[in-house]
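> kindly return the folded structure for what I paste below:
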Amino acid sequence: MDTAFSSFFESTQSGSRWNSFKNFNQISPVVQSHLKQVYLSLCCALVASASGVYLHLLWNIGGILTTIAMIGCMAWMLSTPLQKERKRVALLMAAALFEGASIGPLIDLAIQIDPSILITAFVGTGLAFACFSAAAMVARRREYLYLGGLLSSGLSMLLWLHFASSIFGGSTALFKFELYFGLLVFVGYIVVDTQDIIEKAHFGDLDYVKHALTLFTDFVAVFVRILIIMLKNSNEKNEKKKKRRN
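Down below sits the predicted model:
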């Protein structure tokens, strides 16, 4: 991840790399147009997800059923032929809406504790997403794709840790490790997935709906973890204040 950061900052200091960043000389016009569609679809998906959160706040619909519905919409979208573009976009928006409803309880908790935490977490996620996406675009083609194997191993480790803690019980230290390590893994996926999307587009894979779904899941995964970390830190600060008063 340090490599990604250094690549981004070096690009802003070097004249030739800055021109590459500004003009996207390394990316063909076709791929540039594809990326515009991907990020536009991602923005629409985030708006749909926010609508899902709002629906949960109104009617308390978030839970297991919305999670199942989200997975179903994703699977349906991925199995739908590329020719049915409108249907696939609609399924993407539906999946994003159900995803928003599913994380609605967490958002509701953050609003009750401190609404500013929610805003800070979203802005922080947006900045991190923009920086790491830019790092992937500025870097040489396929430079970070090798990280995919390491990130897959890290994700597998997280799944096994979560499975073990659900059966045998988990400690606070293990929970913190899962949070921070998971955040590191999904931030890494932002870089890898961005370069993977660019590389696939160079070879003719212009499925912007599927690519937007990939980035959307990365964004939500990072946002949820940042929000949980901030809520946990806020709760610990409040407990320390109470102890001092007593």
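> now do the helices in this structure.
2-13, 15-23, 29-59, 64-79, 85-102, 104-113, 115-138, 147-168, 172-202, 208-245 (DSSP state H).
> mean pLDDT for those - can I get that in JSON lines?
As requested, these are exported to JSON lines (pLDDT from 0 to 100):
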{"stretch": "helix 2-13", "mean pLDDT": "44"}
{"stretch": "helix 15-23", "mean pLDDT": "43"}
{"stretch": "helix 29-59", "mean pLDDT": "97"}
{"stretch": "helix 64-79", "mean pLDDT": "97"}
{"stretch": "helix 85-102", "mean pLDDT": "97"}
{"stretch": "helix 104-113", "mean pLDDT": "95"}
{"stretch": "helix 115-138", "mean pLDDT": "94"}
{"stretch": "helix 147-168", "mean pLDDT": "86"}
{"stretch": "helix 172-202", "mean pLDDT": "93"}
{"stretch": "helix 208-245", "mean pLDDT": "92"}
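> need these in CSV with mean neighbour count, can you?
For glycine as for every other residue, the C-beta is placed from the backbone atoms N, C-alpha and C. Output for those, formatted as CSV (neighbours: other C-beta atoms under 10 Å):
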stretch, mean neighbour count
helix 2-13, 14
helix 15-23, 13
helix 29-59, 17
helix 64-79, 15
helix 85-102, 21
helix 104-113, 17
helix 115-138, 17
helix 147-168, 13
helix 172-202, 19
helix 208-245, 17
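> quick one: residue 44 from residue 161, how far?
According to C-beta to C-beta, to the nearest Å, residue 44 and residue 161 sit 34 Å apart.
> likewise residue 125?
From residue 125 over to residue 161 (counting by C-beta to C-beta), the distance is 23 Å.
> repeat that for residue 237.
27 Å.
> before we move on, what about residue 233?
Taken as C-beta to C-beta, the span from residue 233 to residue 161 is 21 Å.
> and residue 141, by the same measure?
Going from residue 141 to residue 161 by C-beta to C-beta gives 34 Å.
> contact partners for the residue positioned nearest the centre of the chain?
By C-alpha atoms, centre = their mean, the chain has its centre lying nearest to residue 219, at 1.7 Å. Shown in contact with residue 219 (C-beta atoms under 8 Å, 6 or more residues apart in numbering): 42, 46, 125, 129, 190.
> most widely separated two among these?
Distance extremes for the contacts of residue 219: the farthest pair is 46 and 190 at 14.3 Å, using C-beta to C-beta.
> what about stretch 97-107, how long is it end to end?
End-to-end distance for stretch 97-107, by C-alpha to C-alpha, to the nearest Å: 14 Å.
> need the contact partners of that stretch.
48-57, 60-63, 66-67, 69-70, 73, 118, 216, 220, 224, 227-228.
> next one: stretch 44-63
Residues contacting stretch 44-63 (C-beta under 8 Å, 6+ apart): 66, 92-105, 107-108, 111, 212-213, 216, 219-220.
> how far off centre is it?
17 Å (C-alpha atoms, centre = their mean, to the nearest Å).
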